[in-house]
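> quick one, structure for this:
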Amino acid sequence: MTRLDLDRLKRQAALKAVEYVRDGMVVGLGTGSTAKHVITGLGERVRAGLKIRGVPTSHETADLARQAGIPLLDTDNAWIIDVAIDGADQVDPQLNLVKGGGGALLKEKIVAASARQFIVVVDHTKQVPHLGNSFPLPIEVIPFGWGSTARQLEAIGNS
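This is a model prediction of the structure:
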């Protein structure tokens, strides 16, 4: 399968996910190659009259959403997200996911946890029998408590 074919499949899957978005919703906007297709599809619907507001999971996503004409909520405010749409790096048969390989892990998880509904868009290349076989587990550490987190990670690595 060529890269062009794979991109076409990602776009088809993303546009199917966009169908779940309704007028007046607050939408969590993921990060990555599939999320770009989601944002493009939402932008087309916004230009056709759909009224939504987005919560981006990265600066890149925020820039793409603004270019697409999607109004964004201030990320410092409290919000309730009706639906969040994002991709994943891996998904196993039990629908467990590895996310955040692109570097937006913490924001993606906050948005997903804040959403009433979370739609994960993946193509067949992301399906694996077991998580972590071909993709390292992303871990994001914030400054608060980093030493304790490092100690716990070291203990896991030594077990």
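> ranges for the helices of this protein?
3-18, 33-47, 59-68, 105-114, 146-157 (DSSP state H).
> so which of these is nearest Ile80?
Across the helices of the chain, Ile80 has its closest neighbour in helix 105-114 (6.9 Å, C-beta to C-beta). The way it works is simple: take the backbone N, C-alpha and C, and place the C-beta from them, glycine included.
> check contacts around the closest residue to Lys107 other than its chain neighbours.
Excluding its sequence neighbours, the residue lying closest to Lys107 (C-beta to C-beta, 6 or more residues apart in numbering) is Thr57, at 4.3 Å. Taking C-beta atoms under 8 Å, 6 or more residues apart in numbering, we find Thr57 in contact with 28-31, 35, 86, 104, 107-108, 111.
> of these, which is the nearest to Arg11?
Taking C-beta to C-beta as the measure, Arg11 lies nearest Ala35 of the contacts of Thr57, at 11.6 Å.
> what about that closest one, distance to Val91?
15 Å (C-beta to C-beta, to the nearest Å).
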